[in-house]
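>>> show me how the following folds:
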Amino acid sequence: MRSRQDGSVNAHEVIVVGAGPVGLTHALGLARAGIGVTILEARQEAGTTPGDLVYQWNVLPGLDRLGILDDLLSVGYCEPHTFYRVHSTGETVTLDLGVMKDDCPFPFNLHVRQAEVTRILLEHLDERSEVTIFLSSALTDLAQDDHGVTVTSDGPKGEVTLRAKWVVGADGAHSAVRRALGLSFVGITWPERLVSVEIDADLEVLGMRGAGAVIDPQFGAIAACVDPGSRWRYIYAEDRSMPENTIDSRMKNVLVEGLSAEMAEATYTWSSFRIHQRAAATFRRDRVMIIGDAAHITNPASGHGMSSGLFDAFALSEVLAAVVSGQADNSLLDRWAEERRHNYVEYASPTSSERKKFVFNLEDDAAVEQEFAPMRRIAEDPDRMRAWFTLAQSLEPPRWL
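Numbering: from 1, shown residues only. Model (predicted):
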């Protein structure tokens with residue numbers, strides 16, 4: 001891989017805008033198929049945001065096909081457990097992906113920091129002569145014609161003009177590619193903000209294992225182990241009308257009341273963000289496609305955001321490589337775009353919205369009991385547990401070729 005910061009580049013088959021996990025995964029899939037790829041990244045370096053932590057079991061085969069899973073396993077850890085805990089009583093049920101051992105090659109989730117995922121993807125891309133990356137290069141414009149796309153970006157030394165047959169926007173929720181196409185981003189912004197706290201504490205002593213949710217009308221939260229025995233990520237909601245500049249002053253009380261008195265002495269770092277349910281009107285316009293958060297965004301209660309983005313990337317790299325190499329015609333890209341948008345609208349978004357309600361928006365203890373009772377039954381019955389885990393396969397695209 002060649003790293004560039006200014007100038008221009010000879011025409012490549014594909015320009016990928018955005019060097020997060022989804023964009024880099026897509027670029028690696030194309031490069032492994034022998035397709036020339038230019039990556040544009042607006043930041044000075046990739047992988048500088050906290051990002052997702054849990055990579056669910058059903059995306060691991062795709063990462064394995066790209067040849068990066070072993071490296072990811074070496075820096076993350078395998079976790080088969082998912083928990084649900086009632087805050088008011090302490091009752092906790094734990095689901096175990098071990099029931100899927102005969103149904104999938106990797107019956108566990110992978111907990112790994114986004115910075116490590118990005119680093120490993122870049123290392124694998126660095127081995128590919130098909131790949132060039134431009135850092136500190138923000139897309140400012142694109143123009144299509146019958147033969148390709150001209151992309152203009154603002155680099156460290158001025159304007160850069162690039163030319164490719166195809167462009168893929170993987171540049172996040174505020175996608176410059178989507179905006180350049182004039183695509184609407186239809187949906188809602190939820191009234192809450194989420195506060196993500198990394199705590200130097202072992203929450204397993206409270207009965208939490210792996211990743212899961214605390215269920216409560218006031219103290220509902222998502223939690224995931226970062227480093228076993230020493231660090232967890234804890235995400236809670238608060239009304240967005242509350243002042244953002246006083247989050248820190250409220251946080252210690254939330255941690256003490258939501259977890260335990262010991263949290264008063266815990267060391268932590270935090271960030272906050274708004275949450276949305278939105279999708280672009282289409283995921284393809286002529287020679288430009290969008291994937292991941294550039295195409296669709298969901299709240300994090302289900303973990304479907306990253307999974308959906310990776311499935312976009314896996315499928316599009318296969319389809320686009322076939323189109324570029326002449327093995328398939330352009331209509332396959334329309335089928336890809338229609339299927340991935342349908343999947344978001346009909347499955348990923350509704351299930352994420354229901355999970356958000358389950359975690360953050362139950363009205364009282366009676367609602368908690370009503371929603372929690374099915375989780376007890378699932379935890380007690382391996383067949384029900386297997387069926388519950390298998391629902392996540394609805395995110396997966398068909399094999400196109």
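>>> quick one: the helices in this protein, in order.
For the chain, the helices defined by DSSP state H cover 21-32, 60-65, 69-75, 114-126, 176-180, 247-258, 304-324, 331-343, 349-360, 365-380, 382-390.
>>> now do the contacts for V323.
Taking CB atoms under 8 Å, 6 or more residues apart in numbering as the criterion, V323 is in contact with W166, D329, N330, L332, L333. C-beta: built from backbone N, CA, C; applies to glycine.
>>> go through the helices of the chain and pick out the most buried.
Between these, the one whose residues have the most neighbours on average, counting mean count of other CB atoms under 10 Å, is helix 21-32 (a mean of 26).
>>> picking that back up, could the contacts of V323 go into JSON lines alongside distance to V226 and pLDDT?
Below are the contacts of V323 laid out as JSON lines (distance: CB to CB, whole Å; pLDDT from 0 to 100):
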{"residue": "W166", "distance to V226": "37", "pLDDT": "98"}
{"residue": "D329", "distance to V226": "46", "pLDDT": "94"}
{"residue": "N330", "distance to V226": "43", "pLDDT": "95"}
{"residue": "L332", "distance to V226": "40", "pLDDT": "98"}
{"residue": "L333", "distance to V226": "38", "pLDDT": "98"}
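>>> include distance to T48 when you put the helices of the chain into a markdown table, please.
Rendered in a markdown table, the data for the helices of the chain read as follows (distance: least, CB to CB, whole Å):
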| stretch | distance to T48 |
| --- | --- |
| helix 21-32 | 13 |
| helix 60-65 | 21 |
| helix 69-75 | 17 |
| helix 114-126 | 7 |
| helix 176-180 | 18 |
| helix 247-258 | 21 |
| helix 304-324 | 17 |
| helix 331-343 | 27 |
| helix 349-360 | 26 |
| helix 365-380 | 37 |
| helix 382-390 | 33 |
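>>> who's in contact with M251?
With CB under 8 Å, 6+ apart as the criterion, the residues that contact M251 are V195, V197, Y268, W270.
>>> check these against A295 and report the nearest one.
Within the contacts of M251, distances to A295 taken as CB to CB reach their minimum at V195, with 26.3 Å.
>>> what's the neighbour count on the spatially closest residue to the closest one that is not a sequence neighbour?
The spatial neighbour of V195 that comes closest, neighbours along the chain excluded (CB to CB, 6 or more residues apart in numbering), is S272 at 4.8 Å. The tally of other residues near S272 (other CB atoms under 10 Å) stands at 16.
>>> do you know how far S272 is from V214?
Computed as CB to CB, to the nearest Å, the S272 to V214 distance reads 18 Å.
>>> ok, and the most crowded of the contacts of M251?
Ranked by neighbour count (other CB under 10 Å), the contacts of M251 have V197 at the top, with 24 neighbours.
>>> wait, isn't that one in contact with I235?
Yes. Look at V197 against I235 with CB atoms under 8 Å: they come within range, at 7.3 Å.
>>> which stretches in the stretch 51-200 of the chain count as strands?
Remark: strands of the stretch 51-200 of the chain, listed N- to C-terminal, are 54-55, 77-79, 81-86, 92-96, 109-111, 131-134, 138-144, 149-155, 158-169, 185-199; assignment by DSSP state E, counting those that start in this stretch.
>>> distance to S353 added to those, as TSV?
TSV is the format used below for the strands of the stretch 51-200 of the chain (distance: least, CB to CB, whole Å):
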stretch	distance to S353
strand 54-55	19
strand 77-79	25
strand 81-86	18
strand 92-96	21
strand 109-111	22
strand 131-134	36
strand 138-144	31
strand 149-155	35
strand 158-169	25
strand 185-199	9
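>>> nearest to A224, of those?
Judged by CB to CB, the one of those that comes nearest to A224 is strand 54-55, at 5.4 Å.
>>> can you name every helix or strand that that closest one contacts?
Applying 3 or more CB pairs under 8 Å, 6 or more residues apart in numbering; DSSP states H and E, one finds that strand 54-55 makes contact with strand 109-111, helix 304-324.
>>> leaving out chain neighbours, which residue sits closest to the most centrally placed residue in the chain?
Nearest to the geometric centre of the chain sits M306, at 1.9 Å (CA atoms, centre = their mean). Nearest-residue entry for M306: D52, 4.3 Å, with adjacent residues in sequence omitted and distances by CB to CB, 6+ apart.
>>> so that neighbour sits against S308, correct?
No. Using CB under 8 Å, D52 and S308 do not qualify as a contacting pair, with a distance of 11.5 Å.
>>> was I right about R163 contacting H147?
No. Counting by CB under 8 Å, R163 stays clear of H147, with 9.5 Å between them.
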